[in-house]
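**Q** attaching a predicted model along with its sequence, questions to come.
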Amino acid sequence: MNHTPKLSTFRVVILIFFTALLGSCGKSGGNLNLNNSDSSGSSDKFLKSLGFEAPYSSVGNAATPVLKVEVPNKLGILQLFSDSSCSNSNVVGYKYVDGIDDSVSVRLGNLPEGSISIYAKFTDKDLNESSCKKVQEYDLSNKSYQIQNIVATSGAFAAIRSDGSVVTWGNTSGGGDSNSVSSELDGTTAVTSIYSNNSAFAAIRTDGSVVTWGSSSYGSDSSSVSSDLNGTIDVVNIVATDRAFAATRSDGSVVTWGHSSYGGDSASVSSDLNGTSDVVDIATTRRAFAAIRSDGSVITWGDSSYGGNSSTVSSDLNGAVDVTSIGSTARAFAAIRSDGSVVTWGDSNYGGNSTSVSSELNGTTEVTDIVATDRAFAAIRSDGSVVTWGDSSYGGNSTSVSTELNGTTEVTNIVATFSAFAAIRSDGSVVTWGDASHGGDSSGESSELNGTIGVTSISAISSFLGSSFAAIRSDGSVVTWGSSSSGGDSSSVSAELNGTVAVTDIVATNGAFAAIRSDGSVVTWGDSNYGGDSNSVSSDLDGSVAVTSIAATKGAYAAVRSDGTVVTWGHAIYGGDIGKYKAYSEGSFIHAGESNFCSKDFLGRLFCWGDPTLSFDPQIVGRQF
């Protein structure tokens, strides 16, 4: 149905139903195995089961099958129970009925273990209740469908569950609302990986097909290339600019979609991307793509001022000397070739012109890796020395630390913020340069970064508003520096980062850090608007249930725990206000108005909040369950 009737007369009554009729308890189970349905001999269509709809999926350790039930053409609420008396304490699912559709699909939760019968009751808008009627049987065994991976746009999350289904939440316009493709993300054809740009997602499924959602101006609409993404030729990888996607297929061809000014239109190089010479890797700037082909040549497209036009260096990218990898700033590319030399193109102010260091990039001493800030490059060479170029205020000038980067003590790794670099050397010491306010000056922490206790890894907050670094040392302690308001100052949690309980990983938003410790607990610091304050969920992050991984948007975190539950915190607009999420629905946020939201909790109950003076139609919400 493409229309919904207005319910102004009954709106208040229906909302009261949602709060008054629901409540449940019981054990959680796992995978569902269907037995023959039982309609208690009834031949009428009222509350008749139409069977379970696959797949059965959930967050956490409880299976959530979907039962389809025929209903009367009346406004009201269908409730499903696990007991023959249809008591409110044993509700396992419910659905608002719009009075138009002949059937509804109800996702079940709070299911006890074992072979159980399901009973139904319907209450119409006039408070008339049907009798409690048996409609189905099920057998629940103990299997789990835990979250396996989480991917983020700038303001939304998408989580892959172990049954191949996907749950999304956060900013609805940025990919948090996947209702338009829910049937493609329900696990019937499992999703194996998800990719994102600023406001859209693209998921690869087991059959090689691709599903997209989010903001249409960012590449959520792939209808123009749907025949190329349907799995006839498997898609094996996807990369993205700010507003476009490029998918590599199993035959070496490339399919693009999204904003044409951001590389979504590759028609000008279509003959170079058709798989005649396989594309093996693709790099991106903010608005352009650069594809490495199996013959070592490079093909570029997108905004020419962002590196989409490489005609000035075409003779260096034609494969005569193979290109093996490509790095990028916001608007320029740097390609490492098989002889250790480097070729650059794009905006000269962003590192696209490397003539000032050409003698150091000609391969005499081979370049092995390239790292970039927003406007500068840093190349590690085979002798452990470092060469830099690009905007000097963004780390393109490293003369102040040239003796530390000359290879006497080899540099093994480099991490970058928006405008500064931090290099880890073979003795565990750290050297920094670039914009001091973005982490380029670590003199205040020099005694902690001198290698006495070696630094093993560095995480970075990279934002034009303020950047900082957080270094994990070999004893599990953490050292921070950079913008104090964006995670560079961790003094408030110093006792938790001193290594007594070792930190094993650190994840950053645009203004805060979150550290996972060896006991499964999490420590946060930085801007509270970006997830630096996790006090509201502290009991969920204390390690009593271990956190195993954390994903981040620009301003919020989502932590996966060992029991499959997800805990979120940070700015609401970025997906941080779900709290502890163990929902039995496809997603936590099911409807967003201008100033109000509706969400299901882990028992399947509906909660709405926000400005009550603005329009809210429960019928719209009901259709999304």
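**A** That came through, no problem.

**Q** my guess is Ala283 contacts Thr324. True?
**A** No. Taking Cβ atoms under 8 Å as the definition, Ala283 is not a contact partner of Thr324, at 11.7 Å. C-betas here are computed from N, CA, C, even on glycine.

**Q** what sits in contact with each of the two?
**A** Residues within reach of Ala283 and of Thr324 at once, by Cβ atoms under 8 Å, 6 or more residues apart in numbering, are Ile292.

**Q** settle it for me: which of those two has more neighbours?
**A** Set side by side, Ala283 and Thr324 show more neighbours around Ala283, with 21 against 16, by other Cβ atoms under 10 Å.

**Q** point out where the stretch 101-250 of the chain drops to low pLDDT.
**A** The stretch 101-250 of the chain contains residues with pLDDT under 70 at 109-115, 138-147.

**Q** please enumerate the helices of it.
**A** Here the stretch 101-250 of the chain has no helices by DSSP state H, counting those that start in this stretch.

**Q** any stretches of the protein with poor pLDDT?
**A** Within the chain, the ranges that satisfy pLDDT under 70 run 1-65, 109-115, 138-147, 577-625.

**Q** which residue ranges of it form helices?
**A** For the chain, the helices defined by DSSP state H cover 11-20, 618-623.

**Q** which residues are in contact with stretch 342-354?
**A** Counting by Cβ under 8 Å, 6+ apart, 285, 288, 300, 305-307, 309-310, 312-313, 316-317, 323, 328-337, 361, 367, 370, 372, 374-377, 379, 389-391, 396 sit against stretch 342-354.

**Q** which of the residues you listed count as buried?
**A** Burial by neighbour count, 16 or more other Cβ atoms under 10 Å: within these this picks out 285, 288, 300, 305-307, 309-310, 313, 316-317, 323, 328-337, 361, 367, 370, 372, 374-377, 379, 389-391, 396.

**Q** so what's the closest residue to Val342 other than its chain neighbours up against?
**A** Leaving out its chain neighbours, the residue that sits closest to Val342 by Cβ to Cβ, 6 or more residues apart in numbering is Leu361, at 4.0 Å. By Cβ under 8 Å, 6+ apart, Leu361 lies in contact with Ser341, Val342, Ser354, Val367, Ala379, Val387.

**Q** verify the stated contact: the fifth one with Thr365.
**A** No. Using Cβ under 8 Å, Ala379 is not in contact with Thr365; the gap is 10.1 Å.

**Q** hmm, back to that, which member of the contacts of Leu361 is positioned nearest Asp542?
**A** Ala379 (43.2 Å; Cβ to Cβ).

**Q** and that closest one, what are its bridge partners?
**A** With beta bridges defined as DSSP bridges, Ala379 has these partners: Ile370, Val387.

**Q** ok, it - contacts?
**A** Here Ala379 is in contact with Ala334, Val342, Leu361, Val367, Asp369, Ile370, Val386, Val387, Thr388 (Cβ under 8 Å, 6+ apart).

**Q** same question for Asp427.
**A** Here Asp427 is in contact with Thr409, Gly451, Gly454 (Cβ under 8 Å, 6+ apart).

**Q** phi, psi for the residue nearest to the second one when sequence neighbours are not counted please.
**A** In this case it means Gly451. Nearest non-adjacent residue to Gly451, counting by Cβ to Cβ, 6+ apart: Ser429, 3.5 Å away. When read as degrees, to the nearest 10, the backbone of Ser429 gives phi -80, psi 170.

**Q** Ser429 and Ala436: what is the separation?
**A** Remark: distance between Ser429 and Ala436 (Cβ to Cβ, to the nearest Å) = 19 Å.

**Q** quick check: domain ranges of the chain?
**A** The record's domain parsing of the chain by automatic domain parsing lists 11-143, 146-265.

**Q** could you dump these to a markdown table with distance to Asp475?
**A** Converted to a markdown table, those look like this (distance: least, Cβ to Cβ, whole Å):
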| stretch | distance to Asp475 |
| --- | --- |
| domain 11-143 | 35 |
| domain 146-265 | 29 |
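
**Q** return the most buried member of these.
**A** The highest average neighbour count among the domains of the chain, using mean count of other Cβ atoms under 10 Å, belongs to domain 146-265 at a mean of 22.

**Q** for the spatially closest residue to Gly351 that is not a sequence neighbour, give me its contacts.
**A** Excluding the flanking residues, the one nearest Gly351 by Cβ to Cβ, 6+ apart is Gly390, at 3.4 Å. Residues in contact with Gly390 (Cβ under 8 Å, 6+ apart) are Thr329, Ala332, Asn349, Tyr350, Gly351, Ala372, Thr373, Arg375, Ala376, Phe377, Gly396.

**Q** rerun that using 7 Å as the cut-off
**A** Gly390 sits next to Thr329, Tyr350, Gly351, Arg375, Ala376, Phe377, Gly396 when contact means Cβ atoms under 7 Å, 6 or more residues apart in numbering.

**Q** tell me the one among those nearest to Val211.
**A** Each of the contacts of Gly390 was checked against Val211 using Cβ to Cβ; the closest is Thr329, at 31.2 Å.

**Q** residue contacts, that closest one?
**A** Contacts of Thr329 by Cβ under 7 Å, 6+ apart are Thr285, Tyr350, Gly351, Ala372, Thr373, Asp374, Arg375, Ala376, Phe377, Gly390.

**Q** one more time with 10 Å, if that's ok
**A** Going by Cβ atoms under 10 Å, 6 or more residues apart in numbering, Thr329 touches 285-286, 306-307, 344, 346-347, 349-352, 372-377, 390-391, 394, 396, 416.

**Q** C-alpha coordinates for stretch 288-297, PDB please?
**A** Extracted in PDB, the C-alpha atoms of stretch 288-297 (Å, rounded to 0.1, in the frame of the first residue of the first chain):
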ATOM      1  CA  ALA A 288      38.200  11.500  -7.400                       C
ATOM      2  CA  PHE A 289      39.200   7.900  -7.900                       C
ATOM      3  CA  ALA A 290      42.500   6.300  -9.000                       C
ATOM      4  CA  ALA A 291      42.400   2.700 -10.100                       C
ATOM      5  CA  ILE A 292      45.400   0.400 -10.300                       C
ATOM      6  CA  ARG A 293      45.100  -2.200 -13.100                       C
ATOM      7  CA  SER A 294      46.800  -5.600 -13.300                       C
ATOM      8  CA  ASP A 295      49.200  -4.300 -15.900                       C
ATOM      9  CA  GLY A 296      50.500  -1.700 -13.400                       C
ATOM     10  CA  SER A 297      48.800   1.200 -15.100                       C
END
